[in-house]
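Enquirer: What shape does this take:
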Amino acid sequence: MGKKGIGIGLKGSNIVKVGCIILVFVCSAFLLWSYDNERSLFDLLLIKKRAETARSSNDFSMPEDEFESAGSTLNIDKSNSTEKEQQRTNDTSITASDGLITGTDQPSVILHDHEDTSTGNTSVESVKPQEITGDEDESGIVAGKANVTVPDPQAKCDLFTGSWVYDESYVLYLPGECNFSSADFNCQRNGRKDAKYPRWRWQPRDCNLPRFNASEFLEKLRGKRLVYVGDSINRNQWESMLCILRRAVPEGGGSFRAGNGGRTVAYVIHSYNCSVELSWAPFLVRQHKIPAYINATSNTTTKESETLQIDTIDELAQDWKQAHILVFNTGHWWTHPEPKKGINYFEEGGLVHPHMEEPVAFEKALRTWATWVDDNIDPLHTQVFFRTYSPVHFNGKMWGKKEGGGCFNESEPIAKVEEEEGRRNADMKRVWAAQKVMEEVKKVRVKFVNITWISLHRKDAHVSVYNNRDGNSQRIAANKNDYSKADCSHWCLPGLPDVWNHLLSLLIQ
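Expert: Numbering: from 1, shown residues only. Have a look, this model is predicted:
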């Protein structure tokens, strides 16, 4: 009897032990599941935050009916992430020097038409790489190399050395058809009549580019966030990507989410569980408002002002961490009067510099950004790209234009760029500064999308007066030669940013 009682007690103890073991196992499994889904939950919160229809910033100019206050959420599939990363590593690799500029060789960028005489049109797929002939630019600049899928899987292709080929068949979407293109860039709707500018196709010297396939690219994006971070030129490129992808998105298959007071906009494509986003950060570092104050020394009141904290990343950076593909740019806002003067504008370590040269501040800001990338981006989760400076065409001297107006009434690319003017308009010192800083990023591989020099030839592709701003429509109606408000910074859509995105799509793995 006594022994039996003891036996029962031991069994009860075993049951308790087994129960504890099961409890520990369940808790451990839950913790592992939570860790594995941390990013999914984080992305879910981001999309919910963007469900706030904050449209306080009219700069985005999105169609009113495209915004929804609620809708499906973005869930990130983290399954097989190790296998996917291994596959990315095993694919044709992109070296750390992609897109870098050596400053020693010449670019092979010339212009020629190519026509298939059997059809009267050019077939993108059938065009073979053509021999570069004629005079080449004497710029001392060569674009770097990137490996992409070409007919020979072992071949390496320099994407950024080649020629512009006029190709009637080359159009990713028709002028005026894309509602995602805002009034700022929709040149055909704003009265532009010539139609050649969207049909210039970039032909690399060493390979053929596959025609952009929106469905295949969306498969690359499935379950991911593609985020463009930067200024209005990145907004230009972001809208281009939306227009390129729209035909592959089922009707009603996408919706916009805005947040952060209109500084972030995400287009969520529900059937692919992905988003293509814009994050407005024109300097990449933080702009800081300083309230009015009394100067004790001079006993004068100083008005409210703004500084640029070149040692502090933009406050939206927290939103970038969990993106899967980041495309950064900066440059154009650095040419505005305050940064160019550099007087009481640049702030560092809590102190405002009485004067700092803009190139010095630009490099310091880039270094702040690069440090942030190294410290905060997981290279196994996120691909990082830096798109180089987008050139301007306000000065016609670059192509021998004697009268004013820059890009106004230009309908053909530049056949040959005058070297000194080309360097100035391309702002190559800014590109070289970016390259220098990119090489200092140690942990994360930042890939250059080096569009500067190839874009320098495209004086024809700018918005010019066809941007529906500053009364341009009425001004041109009254005087067709009034170019006083021509925009030679931004680009028409469809147009050149579509080519940038095509090249970007080949670099994304």
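
Enquirer: list the contacts for the closest residue in space to Leu226 that isn't next to it in sequence?
Expert: Using C-beta to C-beta, 6 or more residues apart in numbering and skipping residues adjacent in sequence, the residue nearest Leu226 is Ile325, 4.4 Å away. In short, each C-beta sits where N, CA and C put it, glycine included. Residues near Ile325 by C-beta atoms under 8 Å, 6 or more residues apart in numbering: 221, 224-227, 382-383, 385, 508.

Enquirer: What subset of the residues you listed is buried?
Expert: Listed as buried from the contacts of Ile325 are 221, 224-227, 382-383, 385, 508; burial here means 16 or more other C-beta atoms under 10 Å.

Enquirer: ok, so of the residues you listed, who is nearest Pro359?
Expert: Nearest to Pro359 out of the buried ones among the contacts of Ile325 is Phe385 (C-beta to C-beta; 23.1 Å).

Enquirer: what about that closest one, distance to Asn479?
Expert: Phe385 sits at a distance of 42 Å from Asn479 (criterion: C-beta to C-beta, to the nearest Å).

Enquirer: what about His381, neighbour count?
Expert: 16 (other C-beta atoms under 10 Å).

Enquirer: is it true that it touches His324?
Expert: Yes - the pair His381 and His324 passes the contact test of C-beta atoms under 8 Å, sitting 6.7 Å apart.

Enquirer: quick one: the helices in the protein?
Expert: 2-36, 38-50, 81-90, 214-221, 232-245, 337-341, 358-376, 419-426, 428-438, 452-456, 472-478, 496-507 (DSSP state H).

Enquirer: Next one: the closest residue to Gln383 other than its chain neighbours relative to Ile269, how far apart?
Expert: Nearest non-adjacent residue to Gln383, counting by C-beta to C-beta, 6+ apart: Ile325, 5.0 Å away. With distances taken as C-beta to C-beta, Ile325 is found 14 Å from Ile269.

Enquirer: Residues that sit against both of these two, list them.
Expert: With C-beta under 8 Å, 6+ apart, Ile325 and Ile269 have common neighbours Leu221.

Enquirer: returning to what we had before: for the contacts of Ile325, could you give me TSV that also reports pLDDT and distance to Glu412?
Expert: Output for the contacts of Ile325, formatted as TSV (pLDDT from 0 to 100; distance: C-beta to C-beta, whole Å):
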residue	pLDDT	distance to Glu412
Leu221	98	35
Lys224	98	38
Arg225	98	39
Leu226	98	33
Val227	98	35
Thr382	98	40
Gln383	98	36
Phe385	98	30
Ile508	97	31
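
Enquirer: Which of those residues fall within strands?
Expert: 225-227, 383, 385 (DSSP state E).

Enquirer: Please report how far Asn425 lies from Ile451.
Expert: 14 Å.

Enquirer: which of the two has more neighbours?
Expert: A count of neighbours by other C-beta under 10 Å puts Ile451 above the other of Asn425 and Ile451, at 28 against 24.

Enquirer: lowest average confidence, helix or strand, in the chain?
Expert: One helix or strand of the chain scores below all others by mean pLDDT, DSSP states H and E: helix 38-50, with a mean of 33.

Enquirer: excluding its backbone neighbours, what's nearest His462?
Expert: Cys407 (4.1 Å).

Enquirer: Can you give me the pLDDT of the one you found?
Expert: Cys407 carries a pLDDT score of 95 in this model.

Enquirer: show me what contacts the residue nearest to Lys289 when sequence neighbours are not counted?
Expert: Distance criterion C-beta to C-beta, 6+ apart; nearest residue to Lys289, sequence neighbours excluded, is Glu306 at 5.7 Å. Glu306 is in contact with 287-290, 338, 345, counting by C-beta under 8 Å, 6+ apart.

Enquirer: gap between Glu306 and Gly230?
Expert: 19 Å.

Enquirer: same question, Leu456
Expert: With C-beta to C-beta as the criterion, Leu456 and Gly230 are 19 Å apart.

Enquirer: For these two, indicate the residue with more neighbours.
Expert: Taking neighbours as other C-beta under 10 Å, Leu456 and Gly230 compare with Leu456 leading, 29 against 26.

Enquirer: Quick check: chain neighbours aside, which residue is closest to the more buried one?
Expert: Pro391 is the one closest to Leu456 (C-beta to C-beta, 6+ apart), at 4.6 Å.

Enquirer: where along the stretch 251-400 of the chain do the strands fall?
Expert: 254-259, 264-269, 274-280, 285-290, 293-295, 300-302, 305-313, 325-328, 346-348, 351-352, 383-387 (DSSP state E, counting those that start in this stretch).

Enquirer: before we move on, the earlier item: so which of the ones in strands among the contacts of Ile325 is the closest to Ser275?
Expert: Using C-beta to C-beta, the ones in strands among the contacts of Ile325 come closest to Ser275 at Arg225, 5.1 Å.

Enquirer: How about that closest one: which residues does it bridge to?
Expert: With DSSP bridges as the criterion, Arg225 is bridged to Ser275.

Enquirer: wait, isn't it in contact with Tyr272?
Expert: No - counting by C-beta under 8 Å, Arg225 sits too far from Tyr272 to count as a contact (11.6 Å).

Enquirer: how about Asp487, what does it touch?
Expert: 462-465, 467, 469.

Enquirer: which of the residues you listed are buried?
Expert: By 16+ other C-beta under 10 Å, the contacts of Asp487 give 462-465, 467 as buried.

Enquirer: Throw the residues you listed into JSON lines and include pLDDT and distance to Glu440, thanks.
Expert: Shown next, in JSON lines, are the buried ones among the contacts of Asp487 (pLDDT from 0 to 100; distance: C-beta to C-beta, whole Å):
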{"residue": "His462", "pLDDT": "97", "distance to Glu440": "33"}
{"residue": "Val463", "pLDDT": "95", "distance to Glu440": "35"}
{"residue": "Ser464", "pLDDT": "94", "distance to Glu440": "38"}
{"residue": "Val465", "pLDDT": "91", "distance to Glu440": "42"}
{"residue": "Asn467", "pLDDT": "85", "distance to Glu440": "38"}
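
Enquirer: Just the residues you listed: which are in strands?
Expert: Using DSSP E, those in strands are 462-464.

Enquirer: what's the spacing between the nearest residue to Gly349 once chain neighbours are set aside and Leu351?
Expert: Nearest residue to Gly349, sequence neighbours excluded (C-beta to C-beta, 6+ apart): Asp311, at 6.4 Å. In this structure, Asp311 lies at 10 Å from Leu351, with C-beta to C-beta as the measure.

Enquirer: Same check on Asp427?
Expert: The value you get for Asp427 to Leu351, if C-beta to C-beta is used, is 28 Å.

Enquirer: Compare these two and say which is more crowded by neighbours.
Expert: Asp427 (20 against 9).

Enquirer: Correct me if wrong: the more buried one contacts His332.
Expert: No - counting by C-beta under 8 Å, His332 is not a contact partner of Asp427; they are 9.3 Å apart.

Enquirer: what residues are shared contacts of those two?
Expert: Tyr389.

Enquirer: now that we have the contacts of Glu306, which one has the most neighbours?
Expert: Tyr345 (22 neighbours).

Enquirer: quick one: contacts for that residue?
Expert: 306-308, 338-339, 352-353, 356.

Enquirer: hmm, try it at 10 Å
Expert: 305-308, 310, 337-339, 352-356, 358, 361 (C-beta atoms under 10 Å, 6 or more residues apart in numbering).
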